[in-house]
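K.L.:
Sharing a sequence plus its predicted fold:
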Amino acid sequence: MAKLTRKGSRFIALAYPVVSLKEIEERLNEIKRRYHDATHHCYAYRLITGEGIVARADDAGEPTRSAGPPLLRALEGEDLLNILIVVVRYFGGTKLGIGGLIRAYGDAAREALAQAEIVERVKTVKLRLRYPPELFGMVLRLVNRYRAEVEGVAYSEQPILTATLPLSQFEEFRRALTEITSGRVEFLGPGE
């Protein structure tokens, strides 16, 4: 949360992690109830959905493009996803003008983001690898080189190693593993 005052108007900026449009709607309703006496409840969000990135900004009654777009630019400037930023304004009696509003909303958003704890999430893929026992050391070294997180090894005639790897490294890892083991490692699906 960040607060700032410009010519008597008070701005309260709030940033929230979100994972769905429904959650955004619920959060906005909650803020409107909590700050029911505010003049404006402007917001912007960037959200990953099945169709890609959805971004939206709302001026909430402020002059066109004076509130929502500066909030959205703050999110884009930090390359943040799955986040909602809301700036609540209490009008102080003196008009700020379009430029003043753009600066105030943008400054409030940037200040809230500077104070927020940013959590980086990396898409991962779960690996299940079956291989001859003599390749154990070779497989483990490569898994460690790619910084995969080993979840466990089931020992039997042929061990099965389960690990989690960043999705962005999967194809490179698969090629490297196939090459160094001459294709003697089998990639298993989750239920095999």
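P.N.:
On my side now, so go ahead. Residues are numbered from 1 along each chain as shown.
K.L.:
Start from the middle of the chain and tell me which residue ends up furthest away.
P.N.:
Distance from the centre of the chain peaks at residue 157, with 42.0 Å (Cα atoms, centre = their mean).
K.L.:
any idea how far it is from residue 9?
P.N.:
Distance, residue 157 to residue 9, using Cβ to Cβ, to the nearest Å: 73 Å. (C-beta placed from N, C-alpha, C; glycine too.)
K.L.:
domains of the protein?
P.N.:
Split into domains by automatic domain parsing, the chain comes to 2-115, 124-187.
K.L.:
Can you tell me which of those domains is most buried?
P.N.:
Ranked by average neighbour count under the criterion mean count of other Cβ atoms under 10 Å, the domains of the chain are headed by domain 2-115 at a mean of 17.
K.L.:
average model confidence for that one?
P.N.:
What domain 2-115 shows for mean pLDDT is 95.
K.L.:
That one: end-to-end distance?
P.N.:
Terminal residues of domain 2-115 lie 8 Å apart, using Cα to Cα, to the nearest Å.
K.L.:
Mind checking what secondary structure the spatially most central residue of the chain has?
P.N.:
Most central in the chain under Cα atoms, centre = their mean is residue 81, positioned 3.8 Å from the mean C-alpha point. Put simply, residue 81 is coil when judged by DSSP: H, G, I helix; E, B strand; the rest coil.
K.L.:
for residue 184, same thing?
P.N.:
Classified using three-state DSSP, residue 184 is coil.
K.L.:
mind listing what it touches?
P.N.:
Applying Cβ atoms under 8 Å, 6 or more residues apart in numbering to residue 184 gives the contacts 131-132, 135.
K.L.:
List the residues that contact residue 105.
P.N.:
Residue 105 touches 11, 42, 62, 66-67, 70-71, 87, counting by Cβ under 8 Å, 6+ apart.
K.L.:
Could you check the pLDDT of the nearest residue to residue 172 once chain neighbours are set aside?
P.N.:
Spatially, and ignoring its direct neighbours in sequence, residue 172 is nearest to residue 146 (7.8 Å; Cβ to Cβ, 6 or more residues apart in numbering). Note for residue 146: predicted pLDDT of 89.
K.L.:
pretty sure residue 146 is in contact with residue 173, am I right?
P.N.:
Yes - Residue 146 lies in contact with residue 173 (Cβ atoms under 8 Å); the separation is 4.9 Å.
K.L.:
Check whether residue 160 really touches residue 153, as I assumed.
P.N.:
Yes - the criterion here is Cβ under 8 Å, and residue 160 meets it with residue 153 at 7.0 Å.
K.L.:
just curious, which of the contacts of residue 184 is nearest to residue 168?
P.N.:
residue 131 (23.5 Å; Cβ to Cβ).
K.L.:
quick one: residue 50 from residue 56, how far?
P.N.:
16 Å.
K.L.:
meant to ask about residue 105, not that
P.N.:
15 Å.
K.L.:
go on, residue 172?
P.N.:
Remark: distance between residue 172 and residue 56 (Cβ to Cβ) = 35 Å.
K.L.:
No further questions, thank you.
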